[in-house]
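Chemist: below is the structure, and that's it, no one-letter string:
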C-alpha cells in the first residue's frame, strides 16, 4: 500500500507537470496531469486537494475558452461535437469525489459515535 507521503509527492508532481504543460500550451497533457492529481487526492480522501484541482481546472478551462477558443479542448469545440469540455467533466468528477469523501467521513463519525 502506498503511504501518505508518497501520494502527496505524486500529487505535487502532477501539479508541477500540469503547470509546465499548460505554460507551453500542451492543454491535453495539462488536463491529464490534473486528472492524475485528482485521483491521488481522492485515493487519500483529501477534500482540500480535490478542491485545489477543482480551482485549477476551472481557471484553465476558462483560460482556454477565452484565449484559445478554437482549441479542441475548449467548451465551444466540445459543444460543436455535442459534448462538454474535458475540464468541465473534471469539475463534475471533482464534485462527485467531494461528496464521496464527505459521505465517508460522516459515516465513519456516525459509526464511531454508535460504538461509544
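Modeler: The structure has been received and is ready for your questions. All figures in this text were calculated on a predicted structure; none of them were measured in a lab.

Chemist: phi first, then psi, for residue 84.
Modeler: Reported as degrees, to the nearest 10, the phi and psi values for residue 84 are phi -110, psi 160.

Chemist: now do the contacts for it.
Modeler: Contacts were defined as CB atoms under 8 Å, 6 or more residues apart in numbering; by that measure residue 84 touches 75, 78. Yep, even glycine has a C-beta here, placed from its N, CA and C like the rest.

Chemist: tally of neighbours for residue 20?
Modeler: Per other CB atoms under 10 Å, the neighbour tally for residue 20 reads 13.

Chemist: likewise for residue 78?
Modeler: When neighbours are defined as other CB under 10 Å, residue 78 has 18 of them.

Chemist: next one, pLDDT for it please.
Modeler: Per-residue confidence for residue 78 comes out at a pLDDT of 94.

Chemist: my read: it touches residue 69, true?
Modeler: No: at 11.1 Å, residue 78 does not count as touching residue 69 under the criterion of CB atoms under 8 Å.

Chemist: mind checking how far residue 20 is from residue 30?
Modeler: With distances taken as CB to CB, to the nearest Å, residue 20 is found 8 Å from residue 30.

Chemist: do residue 46 as well
Modeler: Between residue 46 and residue 30 the computed distance is 21 Å (CB to CB).

Chemist: so the two - more neighbours on which side?
Modeler: For residue 46 and residue 30, the more surrounded residue by other CB under 10 Å is residue 30, and the numbers stand at 24 against 20.

Chemist: so, low pLDDT: which residues of the protein?
Modeler: Low-confidence regions of the chain, defined by pLDDT under 70, span residues 1.

Chemist: where do the strands sit along it?
Modeler: In order along the chain, the chain carries no strands (DSSP state E).

Chemist: the helices in it, which residues?
Modeler: In the chain, the helices defined using DSSP state H lie at 4-23, 27-44, 47-67, 75-80, 86-115.

Chemist: fine by me, we can end here.
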